[in-house]
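Undergrad: Just need the structure, nothing else, for what follows:
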Amino acid sequence: MEIIQLHLKHFGKFTDYRLDLHAGINIISGGNETGKSTLHAFIRAMLYGLTRNRSRSLDEYQLREPWENPAYFSGSMKLLYEGKIYRIDRNFGRRQEQVEVICETDGTKAADPAAAISAFTGGLSEADFDNTVFIRQAGSEAGGQLGERLRDYLINADQSADDSVDVSAASEKLKKRRKKTESEKNEALREIEAQIQEKTRESEYVTRDLERLLEKRSKESVQGESKAPFERIEEGSIQGGMQQIGAAAGAAQKAGADQAAEAVQATDTATSEKAAQAEDAARPEESAVPGEDAPPAQPEDTEGVLLPAAVFLSFAAAILMCVCAWITTDHRMRYGMLAGAVLTGIVAVCLLYRVLHPVSKTERIRKRAKREEFLNRHLGFREDPDDPADRAEAMRRQQKARDQILRAREEEARREEEVRQQQRLEMEQSLQNQEAEDRLRRGAQVQRIARSQLLDREISLRREKLEELRKELEELYRKKAVLSRYDEEIRAIELARSRIQELSGNLYHESGADFAKEVSAILSVLTDGRYTRISLDEKNLIRLNTPDKLLSVDQVSYGTMQQVYFALRLASAGLLSGGSEVPILLDEPFAMYDEKRLERALRILAGSARQVILFSCQTRELDLLEKMGLA
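TA: A predicted model of the protein is given here:
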């Protein structure tokens, strides 16, 4: 390929600028800010376009935008390839970017502009172009990709004639795959570990909660078992005591009513006897002894049966109250039972005394008669049974006594009714209190049962949750164990990568000897025979062989280092382009060269049979060419 003409329609500072070129060495000189670097960049842009990025820093596109009318950003370049003239037209606009390749010799347009340009450059990629024939200002040093590209090319050259085997790309792909696999493994491991920690903490919390609930249920169960027997004993004792108290009270009331009836009956009998005595005294045919009463006929006596029964029931009630007071746990009820037992005991003692010292009805009547006789004698009252007035008075007193007895009976009946009413009220109050206590006790029992059922439900839920967490933890640990497949995949990738590197290194050493000889020949001319041989190891490190020792490129001077990279670029261009004569584009590459080094470099360029376009701010390159007769 030979570039014939550059037409900068709108590119950087240039507007409709044309530059004709020829074969061999083209030297374009000029001062600073004259556009040499712009022309240098234009040739590359016509072949590969302009790169754009989204960063805030200036990219190649922004640097080369037209100073005037940036919307119209274009240019064209004519070149000679295989005896035909081609024109590359390219529009660099942001929204109208396009490229066309037209063969002016045939008058045809290339259907695939990218394929046509690739043929012009000998298949050099943009990176290979930058690292070989496109040398920027003070930038002979090649990029880091050149060593890998040369390595792949040399290995491919040893195996086949095409460029199908990309060792570096394969190694890089394996490296990326290993990194991705490790990243996936670490991410999965972190996620599983986080879930395991979370489930473990939750399991510990549920376990503590379950232990607390079990302890609570155990305590309530012990309390319920210890309290239930006493409640049953207390309820039975209280009910039995209340029944005994009711029976005793009923018996006492019955005994009191019988005693009152006996007293009334005795009074009626005494009054009847007095009336009978008065009538007997009034009869002359019947004699009576004053002060003596004839014993009346004794009615059937029921007092001898009721009093012993009342005594027995009273003592039984007192004993039962004492037993209830000893059993019960309620202090108020205990004191009430003790008081009732004392009162019942007193009543029982009184009734027992009455049983042990009985008084007959006749004796009571006789005593009452003597008392009335004593009162009459000392008060001066004498009864004359023959006097009608006395009899009337006696009858009046008798009626008065009956009235008093009736009133006494009514008063006694009223008092008994009040006592019965009071006892009934107390009994009803006691029953109400007992019912209330029963309701409270039943409510407490229902609450205990409800709490027990709730505790059982919560315990069941906690156990189900623990079982669920256990299964989840087992699944997580199983997943964690499965992650070992990542380790196996990583080992396989690393084994494949190391094997590829080992095989490629062997091939590189076998096939790189010729390339090293070519670079060494160029370097020997550049250094005037000082460094006659270089070597490239499998890590793409350049070594300089001297008669004394082996040097790395960092151990030599900066000028020698630039010569080494320049020789490497020239040899790589011929190798990577497949022998295609791609023009060499140089922008101030020899600024650090002295006159002798510059002369040797120009001589190598002139003998390369390639088109050389050299941009310089000085004229010494042109002077040397004229001096050597190469201008």
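
Undergrad: Please, where are all the strands along the stretch 101-250 of the chain?
TA: Along the stretch 101-250 of the chain, counting by DSSP state E, counting those that start in this stretch, strands occupy 108-109, 134-135.

Undergrad: which of those is buried the deepest?
TA: strand 134-135 (a mean of 25; mean count of other CB atoms under 10 Å). From N, CA and C alone the C-beta is placed, and that goes for glycine too.

Undergrad: Adjacent strands (with direction) for that strand?
TA: Neighbouring strands of strand 134-135 in its sheet, by DSSP bridges, are strand 584-587 (parallel).

Undergrad: Can you give me the distance of the closest residue in space to residue 603 that isn't next to it in sequence to residue 197?
TA: Setting aside the residues directly before and after it, residue 603 is nearest to residue 628 in space (CB to CB, 6 or more residues apart in numbering), at 6.9 Å. Residue 628 is 79 Å from residue 197, where distance means CB to CB, to the nearest Å.

Undergrad: Using the three-state scheme, assign residue 478.
TA: helix (DSSP: H, G, I helix; E, B strand; the rest coil).

Undergrad: Count the neighbours of residue 397 for me.
TA: For residue 397, the neighbour count with other CB atoms under 10 Å is 14.

Undergrad: no, scratch that, I was asking about residue 33
TA: Neighbour number of residue 33 under other CB under 10 Å is 9.

Undergrad: next one: residue 98
TA: Residue 98 - counted by other CB under 10 Å - has 11 other residues nearby.

Undergrad: In space, what's closest to it - neighbours in sequence excluded?
TA: Nearest non-adjacent residue to residue 98, counting by CB to CB, 6+ apart: residue 91, 5.0 Å away.

Undergrad: before we move on, which element is residue 85 in?
TA: strand 84-91 (DSSP states H and E).

Undergrad: Show residues contacting that strand.
TA: Contact with strand 84-91 is made by 4, 45-47, 49, 73-80, 97-106, 113, 116-117, 120, as judged by CB atoms under 8 Å, 6 or more residues apart in numbering.

Undergrad: Name every strand pairing with that strand and say which way it goes.
TA: When sheet partners are counted by DSSP bridges, strand 84-91 sits next to strand 74-81 (antiparallel), strand 98-103 (antiparallel).

Undergrad: TSV please, covering those strands and showing mean pLDDT and distance to residue 495.
TA: Shown next, in TSV, are these (pLDDT from 0 to 100; distance: least, CB to CB, whole Å):
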stretch	mean pLDDT	distance to residue 495
strand 74-81	93	46
strand 98-103	93	45
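
Undergrad: Put together TSV for these, with distance to residue 623 on each row.
TA: Output for the strands paired with strand 84-91, formatted as TSV (distance: least, CB to CB, whole Å):
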stretch	distance to residue 623
strand 74-81	29
strand 98-103	38
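
Undergrad: Determine which stretch of those is the most buried.
TA: When those are compared using mean count of other CB under 10 Å, strand 74-81 is most buried, at a mean of 20.

Undergrad: Run through the helices of the stretch 1-150 of the chain in chain order.
TA: Taking DSSP state H, counting those that start in this stretch to define them, one finds helices in the stretch 1-150 of the chain at 36-48, 60-63, 113-120, 126-131, 145-159.

Undergrad: Where among these is average confidence lowest?
TA: The minimum mean pLDDT among the helices of the stretch 1-150 of the chain belongs to helix 145-159 (a mean of 47).

Undergrad: for the strands of the stretch 101-250 of the chain, which one sits closest to residue 586?
TA: strand 134-135 (5.0 Å; CB to CB).

Undergrad: what pLDDT, on average, does the closest one get?
TA: 84.

Undergrad: Would you map the helices across the stretch 301-450 of the chain?
TA: 303-327, 331-356, 361-379, 388-482.

Undergrad: if we can go back for a sec, is the residue nearest to residue 603 in contact with residue 601, as I believe?
TA: No. With contact defined as CB atoms under 8 Å, residue 628 does not count as touching residue 601 (11.6 Å).

Undergrad: Residues that sit against both of the two, list them.
TA: By CB under 8 Å, 6+ apart, no residue touches both residue 628 and residue 601.

Undergrad: These two - which one has more neighbours?
TA: Neighbour totals were compared for residue 628 and residue 601, and residue 601 leads with 24 against 12 (other CB under 10 Å).

Undergrad: hmm, back to that, what's opposite the residue nearest to residue 98 in the beta bridge?
TA: residue 74, residue 98.

Undergrad: how close does it get to residue 107?
TA: Separation of residue 91 from residue 107 (CB to CB): 21 Å.

Undergrad: More neighbours: these two, which one.
TA: Comparing residue 91 with residue 107 by other CB under 10 Å, the one with more neighbours is residue 91, at 17 against 7.

Undergrad: buried stuff in stretch 34-53?
TA: 35-50 (16 or more other CB atoms under 10 Å).

Undergrad: Keeping just the C-alphas, turn that stretch into PDB.
TA: The C-alpha trace of stretch 34-53 is given here as PDB (Å, rounded to 0.1, in the frame of the first residue of the first chain):
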ATOM      1  CA  THR A  34       1.800  23.800  12.200                       C
ATOM      2  CA  GLY A  35      -0.400  20.600  12.300                       C
ATOM      3  CA  LYS A  36       2.100  17.800  11.800                       C
ATOM      4  CA  SER A  37       0.600  15.700  14.600                       C
ATOM      5  CA  THR A  38      -2.900  16.400  13.100                       C
ATOM      6  CA  LEU A  39      -1.700  15.100   9.700                       C
ATOM      7  CA  HIS A  40      -0.200  12.100  11.400                       C
ATOM      8  CA  ALA A  41      -3.400  11.400  13.200                       C
ATOM      9  CA  PHE A  42      -5.500  12.000  10.000                       C
ATOM     10  CA  ILE A  43      -3.900   9.000   8.200                       C
ATOM     11  CA  ARG A  44      -4.700   6.700  11.100                       C
ATOM     12  CA  ALA A  45      -8.300   8.100  11.400                       C
ATOM     13  CA  MET A  46      -8.900   7.500   7.700                       C
ATOM     14  CA  LEU A  47      -8.000   3.800   8.100                       C
ATOM     15  CA  TYR A  48      -9.600   3.000  11.600                       C
ATOM     16  CA  GLY A  49     -11.800   6.000  12.400                       C
ATOM     17  CA  LEU A  50     -11.700   8.100  15.600                       C
ATOM     18  CA  THR A  51     -12.300   6.700  19.100                       C
ATOM     19  CA  ARG A  52     -14.800   8.300  21.400                       C
ATOM     20  CA  ASN A  53     -15.400   7.700  25.100                       C
END
